[in-house]
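**Q** 3D model of this:
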Amino acid sequence: MTIEAFATCPKQLELLLKEEILILGGLEVKEALAGVHFQMNAADLPRLIMWSRLANRIMVKLGGFQCRHKKDLYDAVSGIQWRSLCRQIPDTLSLRFSGTNPSLNNSHFSSQVMKDAVVDQLFTFYEQRPKVVKNDGHLSIYGHLRHNQLSLYQDITGHSLHQRGYRSENTLAPLKENLAAAILIRAGWPEKARQHYHLIDPMCGSGTLLLEGWGMATDLAPNKNYKSHALFSWQHFNVNHWHQLLDESEQRHQQALQTYRGQIIGVDHHKKSIEMAQENSQQLSAGDRISFHYQTLDKFKIPPRNNLIVANPPYGVRLQKNYLSSWRQLAHWLANNVRQAQAAILTPDESLAWLLGYKEQASYLFYNGRIPVQLRLMDIDKSNRLTVPDKQHFALP
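**A** Below is the predicted model of the structure:
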């Protein structure tokens, strides 16, 4: 059975997500704002959920309706046979609604109307009402209203797929896991990992970039530990098939573990961050294959070649204290401690990129939360150094 669906993602990840869905068997794949429309066999959607490194949520489209007023909304929602969408009577219900029109100009009110229509129908058949919860109900519904056109979806993920489950605690300004994955893909890490490159983060924080890089290098299914009422209650979910996918993913991971010979190394001068990174690494069962060190940059040495350096230095937005000194330390380390490497550095503006002192090979726009940032790719060697004129702090290209 072919299903029409929509995968959500952070802005600027749409093209990468489109490519990922195509690889995982999607048909009629088309990017949109903050997401991708596609079709897929119902039996293949759990595989997409297990292996997507970039998506936030996977939502099955239930229909589109003209909707101008409250009655239109109630009637449209009532027209869906909600009882048939779950494998058993749904004990919990979660709803999200976005969009307005002149009559339905409050999304919270529209969400209440949608809830009433669903609950009334379920009570008619089962004589019991599901408990309304904020996230991951056994039946999870999303409604979107745009230009008097209502789209209804069943959210079969329940909560965002970027929450891999290995982070129990965060630093002050962590990257989301799917943004970290996108950064690594743009930096060419999947191919470099096959060539046994080393992955280096000189400002690793709680280790998200390195942990996502480890998952790619060792073919670890990003969502193998995913737990979701919405998914496990979905009418097309098959428990035996899910366990088969888990077994296949473990075989792939074990094989890649034996193959990958590179080093993955992170340092940070905040002891608490390193403790969190080490704990997160243990959650992934990486053992000593990922090295996290409480260390200052001036003492940090890396292998002489085959290095990909990734970093998310502070921007001065969420982390403001001494953030410029962090950039100067990074620039000094690149110039004096790195013999040869490729680098992918997340920068908030061009001036901080120039401060690093190397010619840019390519750049990509991302959003870290609501903060626009540029991923800048550089070759770190003497031939790409920029000359700093006298009495200037950084070079201009």
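
**Q** okay, CA-based contacts and neighbour counts for the rest of this
**A** Will do.

**Q** Does the residue nearest to residue 147 when sequence neighbours are not counted lie in a helix or a strand, and which?
**A** Leaving aside its sequence neighbours, residue 147 sits nearest to residue 101 (CA to CA, 6 or more residues apart in numbering; 6.7 Å). In the assignment (DSSP states H and E), residue 101 maps to no helix and no strand.

**Q** repeat for residue 216
**A** Going by DSSP H and E, residue 216 is in helix 208-217.

**Q** I'd like the mean pLDDT over the helix or strand where residue 65 lies, please.
**A** Per DSSP H and E, residue 65 falls inside strand 57-66. Average pLDDT, strand 57-66: 98.

**Q** again with stretch 216-228
**A** For stretch 216-228, the mean per-residue pLDDT is 96.

**Q** Would you mind measuring the gap between the ends of it?
**A** End-to-end distance of stretch 216-228 (CA to CA, to the nearest Å): 23 Å.

**Q** in it, what's buried?
**A** Buried residues in stretch 216-228, defined by neighbour count with 16 or more other CA atoms under 10 Å: 216-224, 228.

**Q** same deal with stretch 340-352?
**A** For stretch 340-352, using 16+ other CA under 10 Å, the buried residues are 340-348, 352.

**Q** same deal with stretch 352-367?
**A** By neighbour count with 16+ other CA under 10 Å, stretch 352-367 contains the buried residues 352-360, 363, 365-366.

**Q** quick revisit: among the buried residues of stretch 340-352, which ones are in helices?
**A** residue 352 (DSSP state H).

**Q** In strands, which of the buried residues of stretch 340-352 appear?
**A** Within these, residues falling in strands by DSSP state E are 341-347.

**Q** which among these gets closest to residue 89?
**A** Distance to residue 89 across those (CA to CA) is lowest for residue 346, with 46.8 Å.

**Q** Spatially nearest residue to the closest one (excluding sequence neighbours)?
**A** Nearest residue to residue 346 in three dimensions, chain neighbours excluded: residue 375, at 4.5 Å (CA to CA, 6+ apart).

**Q** That neighbour reaches residue 365, doesn't it?
**A** Yes - using CA atoms under 8 Å, residue 375 is in contact with residue 365, at 6.4 Å.

**Q** picking up where we left off before, mind checking what secondary structure the residue nearest to residue 346 has?
**A** strand (DSSP: H, G, I helix; E, B strand; the rest coil).

**Q** and it, what does it touch?
**A** Counting by CA atoms under 8 Å, 6 or more residues apart in numbering, residue 375 touches 183, 344-347, 363-366.

**Q** could those go into JSON lines alongside distance to residue 254 and pLDDT?
**A** Putting the contacts of residue 375 into JSON lines (distance: CA to CA, whole Å; pLDDT from 0 to 100) gives the following:
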{"residue": "183", "distance to residue 254": "25", "pLDDT": "98"}
{"residue": "344", "distance to residue 254": "28", "pLDDT": "98"}
{"residue": "345", "distance to residue 254": "31", "pLDDT": "97"}
{"residue": "346", "distance to residue 254": "32", "pLDDT": "96"}
{"residue": "347", "distance to residue 254": "35", "pLDDT": "93"}
{"residue": "363", "distance to residue 254": "34", "pLDDT": "96"}
{"residue": "364", "distance to residue 254": "33", "pLDDT": "97"}
{"residue": "365", "distance to residue 254": "35", "pLDDT": "97"}
{"residue": "366", "distance to residue 254": "33", "pLDDT": "97"}
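
**Q** contacting residues for residue 341?
**A** With contact taken as CA under 8 Å, 6+ apart, residue 341 is in contact with 305-309, 379-381.

**Q** actually residue 52, sorry about that
**A** Taking CA under 8 Å, 6+ apart, one finds 20-21, 222-223 in contact with residue 52.

**Q** Phi, psi for it please.
**A** phi -70, psi 120 (degrees, to the nearest 10).

**Q** Count the neighbours of the closest residue to residue 359 other than its chain neighbours for me.
**A** Distances taken as CA to CA, 6+ apart place residue 384 nearest to residue 359, at 5.5 Å, with adjacent residues excluded. Using other CA atoms under 10 Å, residue 384 has 14 other residues around it.

**Q** Would you mind extracting the C-alpha trace of the helix or strand bottoming out on mean pLDDT in the chain into CSV?
**A** Lowest on mean pLDDT, DSSP states H and E among the helices and strands of the chain sits helix 350-356, with a mean of 84. What follows is helix 350-356, C-alpha atoms only, in CSV (Å, rounded to 0.1, in the frame of the first residue of the first chain):
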residue,chain,number,x,y,z
GLU,A,350,32.1,36.6,7.6
SER,A,351,34.4,38.5,9.9
LEU,A,352,34.8,35.6,12.2
ALA,A,353,35.4,33.3,9.3
TRP,A,354,38.2,35.7,8.1
LEU,A,355,39.7,35.7,11.5
LEU,A,356,40.5,32.0,11.0
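
**Q** So which other helices or strands are in contact with that helix?
**A** helix 323-337 (3 or more CA pairs under 8 Å, 6 or more residues apart in numbering; DSSP states H and E).

**Q** pLDDT value on residue 389, please?
**A** So, for residue 389, pLDDT stands at 63.

**Q** you'd agree residue 123 is up against residue 129?
**A** Yes - assessed by CA under 8 Å, residue 123 is found in contact with residue 129 at 5.5 Å.

**Q** Quick one: the helices in the stretch 201-350 of the chain, in order.
**A** Ranges of helices within the stretch 201-350 of the chain are 208-217, 229-233, 239-259, 271-283, 323-337, 350-356, based on DSSP state H, counting those that start in this stretch.

**Q** Run through the chain and note the low-pLDDT ranges.
**A** 169-173, 316-322, 388-397 (pLDDT under 70).
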